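Asks: next come a sequence and a model predicted from it.
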Amino acid sequence: MAMYPCDVKNHRYNGPQQTIYPAIVTGNASTRRKLRLCPGHFEHLEDTLETKANNAQMDFDSKDHTRCIVCQQDVTDSEFQFFATVYAKGQERRDFWAVLHESCAAACMEDWGLEPS
């Protein structure tokens, strides 16, 4: 079995790898990344998605789903969207999405370790 460091703090850890694939998409451009995560950082980022993003299986047109993942304020007329696919050990894949203010994009990229394209 290979041993990878956690992508958040670059520390090694015992236990199975869990992965989140975050992405920011605007128009034809996207910035993506694979995050290999220790159990603690995985749980923290998964909690962030569960509280600030939308489950991709839910209705995309609901008014409750128009809050920015960074500042939690309503978003109108923004081309920026955030997506994440979560692979937890022993569970089915889960997908999340959120809208994003253009002015919050840099903070979101920093929060999720994304590099500008």
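Replies: On my side now, so go ahead. On a predicted model such as this, the values are computed, not experimentally measured, just so you know. Numbering: from 1, shown residues only.
Asks: tell me where this structure has helices.
Replies: 39-52, 105-111 (DSSP state H).
Asks: what residues does the worst-scoring helix or strand of the chain on mean pLDDT touch?
Replies: Of all helical and strand segments in the chain, the minimum by mean pLDDT, DSSP states H and E falls on strand 54-55, at a mean of 90. With CB atoms under 8 Å, 6 or more residues apart in numbering as the test, strand 54-55 has contacts from 60, 65, 94, 95, 96, 97, 98. For the C-beta atoms, the positions are set from N, CA and C on the backbone; glycine is no exception.
Asks: please repeat the previous calculation with a cut-off of 6 Å.
Replies: With CB atoms under 6 Å, 6 or more residues apart in numbering as the test, strand 54-55 has contacts from 65, 97, 98.
Asks: partner strands of that strand and their direction?
Replies: For strand 54-55, the paired strands and their directions (DSSP bridges) read strand 94-100 (antiparallel).
Asks: alpha carbons of the strand it pairs with, as CSV, please.
Replies: Provided in CSV are the C-alpha atoms of strand 94-100 (Å, rounded to 0.1, in the frame of the first residue of the first chain):
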residue,chain,number,x,y,z
ARG,A,94,-21.1,12.2,-3.1
ASP,A,95,-21.3,15.4,-5.2
PHE,A,96,-21.7,19.0,-4.1
TRP,A,97,-22.0,22.4,-5.8
ALA,A,98,-22.3,26.0,-4.9
VAL,A,99,-22.5,29.4,-6.5
LEU,A,100,-19.6,31.8,-5.9
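Asks: mean confidence for that strand?
Replies: In this model, strand 94-100 carries a mean pLDDT of 94.
Asks: ok, now stretch 24-32?
Replies: 93.
Asks: pull the residues that contact that stretch.
Replies: 23, 79, 80, 81, 82, 114, 117.
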